[in-house]
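Engineer: Please find the sequence and the predicted model below.
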Number of protein chains: 2
Amino acid sequence: MNNEPDDLLIHGESSISIPELNRPRVVIIGGGFGGIELAKNLIHKDIQVVMFDRYNYHTFQPLLYQVATAGLDPSAIAGPLRKIFEGKKGFFFRLGRVKNINPEKNTIETSIGDLSYDFLVIACGTKTNYFGNDKLAQLVFPMKQLPQALDLRTHILQNIEKALLVKDRDEQQSLIDFVVVGGGPTGVEVAGALGELKLHVLPNDHPELDFRQMDIHLIEGTGRLLNGMSEQAGAKAYDYLKDFGVNVWLNTTVKDYDGREVTLSNGKKILSRTVVWAAGVTGSLIDGLSKDCIVRGNRIKVDESNKVVGYENIFALGDIAAMISDETPNGHPQVAPVAMQQGHLLAKNLRNLILKRKKEFKGFKYHDKGSMATVGRNRAVVDLPFIKFQGFFAWFVWLFVHLMSIVGFRNRIMILLSWIWNYFTYDRATRLILKPFAREKNTES
Amino acid sequence: MNNEPDDLLIHGESSISIPELNRPRVVIIGGGFGGIELAKNLIHKDIQVVMFDRYNYHTFQPLLYQVATAGLDPSAIAGPLRKIFEGKKGFFFRLGRVKNINPEKNTIETSIGDLSYDFLVIACGTKTNYFGNDKLAQLVFPMKQLPQALDLRTHILQNIEKALLVKDRDEQQSLIDFVVVGGGPTGVEVAGALGELKLHVLPNDHPELDFRQMDIHLIEGTGRLLNGMSEQAGAKAYDYLKDFGVNVWLNTTVKDYDGREVTLSNGKKILSRTVVWAAGVTGSLIDGLSKDCIVRGNRIKVDESNKVVGYENIFALGDIAAMISDETPNGHPQVAPVAMQQGHLLAKNLRNLILKRKKEFKGFKYHDKGSMATVGRNRAVVDLPFIKFQGFFAWFVWLFVHLMSIVGFRNRIMILLSWIWNYFTYDRATRLILKPFAREKNTES
């Protein structure tokens, strides 16, 4: 070991049983795209890396909507975090929620105890934004985490079963109609997937119901869809959704929802028991940082090396970080490639610092490789730096890129097979209403 | 239609919205092995078949233990019931729990309303038997349903995460030690699968824990394992489990359990937070039948054509039926092949009756094709009518037979691939701690 404790502030006592290795400890909060990329490139015999996450798996969020619409198994888009780092010495995973940061003491407070750090990296991403509407928050379905996607799946399938039983027309309609709020990639993809269920899957399962009566509404506050992408992509996505029979409401917001009736800003009322909320995100902040470093969208202001403004050994990256410069006055887009590229660079910088190769941090520069979204079967929109295209080939590119991006060979195989199966059979094998047993042992049978 | 309503007792009014087709209605309670086989062979344009189940999928119970031990995805062993009967006219599925039978009125009372029947078939199988011990029922993990298997999986994985955090030796031991109660196929297979996790999977995930300290106990009340099989099979299973390091306690029962400490009948105490209960089953009885037809194990006494004793148009088959004769003084073994063969024959008999081909019912005769159980990697015991064998080839036969028995081509492919993956990589890709989101929206992040 080359490091003198004094100069790299070797951490103090901890109440969580992480081995004391007498080498600098980097604590990473969050096992998302950024956290994983960082840890992978940071691991070294002279660095202790400790990762915290509330889940024991990494979620491949771009395909979450396919779990919600019964197209994929949860395990297909989840990678156990311990597996990802299997055999990596110096890496420690802890399942727990980080509740507080104490920058004076260089410690964090977590649901499983306190831990000291030498360097802290906040990579906990964003959570769903309900814009302060608590009532809404209780009634709608967000789409950020795997358990949420499974809840939505169960809810959709259960409501269709219920629709068979009710005689009241309005009530039946409310059970088979869907409202998706937010015209970004998630909203567009959910609406498209629901359109596919309506056209190709549900009628086979439920010959007793007339699914031509099933309405899908997509609500978007601005004048176009897919705001992060080109005008062309947004317009084409609009056309595709229309072809699928999705009602797209632009320049419209949700004014109220009581669990049954949605009231739109234009006065229209829609009966629906299922409102999918993909209208926006806000940073998953952790208490303890100075208010001076929190900016719009609950993001943490960082310098060009992802160092949190005002701190020396605290970093933030990915969706929760806002690297504000002349080029990026609102920070970078909150997408996986930014997080991964920042994680990669920060790992390099931290290694150089800890291993005393270089003191200066290299600044971050985002390489935008493009973006894409799919709209149901056979259709997608793709914006690459030098070309934009839509349609069947775009859909094929979308499939390929997503398949190649997912962590792990097994996930890749399982997803590929599920897709082939779903495509050719119009089947959705995972349409299981799977509620937890919740230990109600006595009623079990 | 050839049927006169008067003679086939065409059902009356119903409060559940099942189309009135003016043809005899057969209501099947339960979508297990027996119910499915019955429905498949009964469906006919002049018969209305209505199936009730609490779940919207059929569970392939023989592989449930692999879901519980993170070897398989739930969707791999579940078949959506609507899918199984897709395109079959005259078949109706309803998701609901049957609460009561009213034989005088020919109706059933369910969680979703009342329904009349012309013929009723009870095929709802068995539930876990806690022998009246309510305290135990709250603390142990049964293994009959998919949500239970997922609960157990979550519990095992969570406890291993917890074991990393506690410093007290006893406490740590209680988190990584397992007690399996019941030396039948389920108990033996669970113990074997836990043995595999201990040897091959968990040490890679958790280098910080010493899994040589993990103890697995199998408790069996009689003097041997696998009572339904040959002596030879039981003895070999015992040897295999011993090789795996499983502690097998024969002639021993559980006297008490407080959630932490198991007290055995021989006085020994074992610390364990996880007790898997596979010690026995009891019929999932539905109220309303005369007490005269209920026999030992809460089974329903039926004649050789599966007609419930004392009723003319009520039948029972599979695990819940006890066809008592000189040859089978305790009824048939409670295994899937009996249920399937009974379902097959009953379908034939009912069709003949309803379609007026034949009034006489053909009696049931069980063709025992053998039984088998697997004990971890590479090892199984197989009893066929004319030969008994154990070891690697038996394991291969076990794999093949189970793979071919599962409903659906997709399930077969998914299971085969998972098995190949698990076998060669020693990985368990589905080790996700996946708890329901339970709509705690405000704490979401």
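Structural biologist: Okay, I see it.

Engineer: For the stretch 251-400 of chain A, which segments count as strands?
Structural biologist: A:254-257, A:261-264, A:269-271, A:274-277, A:281-283, A:294-295, A:299-302, A:314-316, A:321-323, A:371-374, A:380-383, A:388-391 (DSSP state E, counting those that start in this stretch).

Engineer: got those as a markdown table, with mean neighbour count, distance to chain B and mean pLDDT columns?
Structural biologist: Bear in mind the C-beta positions are built from the backbone N, C-alpha and C, glycine included. Below are the strands of the stretch 251-400 of chain A laid out as a markdown table (neighbours: other C-beta atoms under 10 Å in any protein chain shown; distance: least, C-beta to the nearest C-beta, whole Å; pLDDT from 0 to 100):
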| stretch | mean neighbour count | distance to chain B | mean pLDDT |
| --- | --- | --- | --- |
| strand A:254-257 | 18 | 13 | 95 |
| strand A:261-264 | 18 | 17 | 97 |
| strand A:269-271 | 17 | 20 | 97 |
| strand A:274-277 | 24 | 9 | 97 |
| strand A:281-283 | 21 | 9 | 96 |
| strand A:294-295 | 17 | 15 | 96 |
| strand A:299-302 | 24 | 14 | 98 |
| strand A:314-316 | 27 | 15 | 98 |
| strand A:321-323 | 26 | 16 | 98 |
| strand A:371-374 | 24 | 22 | 94 |
| strand A:380-383 | 25 | 25 | 96 |
| strand A:388-391 | 18 | 29 | 96 |
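
Engineer: burial count for the residue nearest to A:Y426 when sequence neighbours are not counted?
Structural biologist: Sequence neighbours aside, A:H200 is the residue nearest to A:Y426 in space, at 4.3 Å (criterion: C-beta to C-beta, 6 or more residues apart in numbering or on different chains). Residues near A:H200, counting by other C-beta atoms under 10 Å in any protein chain shown, number 17.

Engineer: so A:H200 makes contact with A:D427?
Structural biologist: No - A:H200 is beyond contact range of A:D427, at 9.1 Å (criterion: C-beta atoms under 8 Å).

Engineer: got a list of what A:K242 touches?
Structural biologist: A:V248 (C-beta atoms under 8 Å, 6 or more residues apart in numbering or on different chains).

Engineer: On the three-state scheme, it is what?
Structural biologist: At A:K242 the chain is in helix, as set by DSSP: H, G, I helix; E, B strand; the rest coil.

Engineer: Kindly report the same for A:G234.
Structural biologist: helix.

Engineer: Share the number of residues neighbouring it, please.
Structural biologist: 23.

Engineer: Equivalent analysis for A:L403, please.
Structural biologist: A:L403, neighbours per other C-beta under 10 Å, totals 15.

Engineer: check which helix or strand covers it.
Structural biologist: Assessed by DSSP states H and E, A:L403 sits inside helix A:392-405.

Engineer: The stretch 51-200 of chain A against chain B: which residues are in contact?
Structural biologist: Along the stretch 51-200 of chain A, the residues adjacent to chain B under the rule C-beta under 8 Å from any C-beta of the partner chain are A:54-57, A:73-75, A:78, A:80, A:82-83, A:86-87, A:92, A:94-95, A:112-113, A:124, A:127-128, A:130, A:134, A:137-138, A:140, A:142, A:144-148, A:150-151, A:157-158, A:161, A:164-165, A:167.

Engineer: strand partners of the helix or strand containing A:L115, parallel vs antiparallel please.
Structural biologist: If you go by DSSP H and E, A:L115 is part of strand A:113-116. Using DSSP bridges, strand A:113-116 pairs in its sheet with strand A:107-110 (antiparallel).

Engineer: average pLDDT for the strand it pairs with?
Structural biologist: The average pLDDT for strand A:107-110 rounds to 95.

Engineer: residues in contact with it?
Structural biologist: Looking at strand A:107-110 with C-beta under 8 Å, 6+ apart, the contacting residues turn out to be A:12, A:14, A:16, A:27, A:29, A:52, A:94, A:96-102, A:114-117, A:120, A:286.

Engineer: what about 10 Å?
Structural biologist: Residues from elsewhere that reach strand A:107-110, judged by C-beta atoms under 10 Å, 6 or more residues apart in numbering or on different chains: A:11-16, A:27, A:29, A:50, A:52, A:94-102, A:114-117, A:120, A:122, A:286-288.

Engineer: picking that back up, which members of the residues of the stretch 51-200 of chain A next to chain B are classed as buried?
Structural biologist: By neighbour count, with 16 or more other C-beta atoms under 10 Å in any protein chain shown, those hold A:54-57, A:73-75, A:78, A:80, A:82-83, A:92, A:94-95, A:112, A:124, A:127-128, A:130, A:137, A:140, A:142, A:144-148, A:150-151, A:157-158, A:161, A:164-165 as buried.
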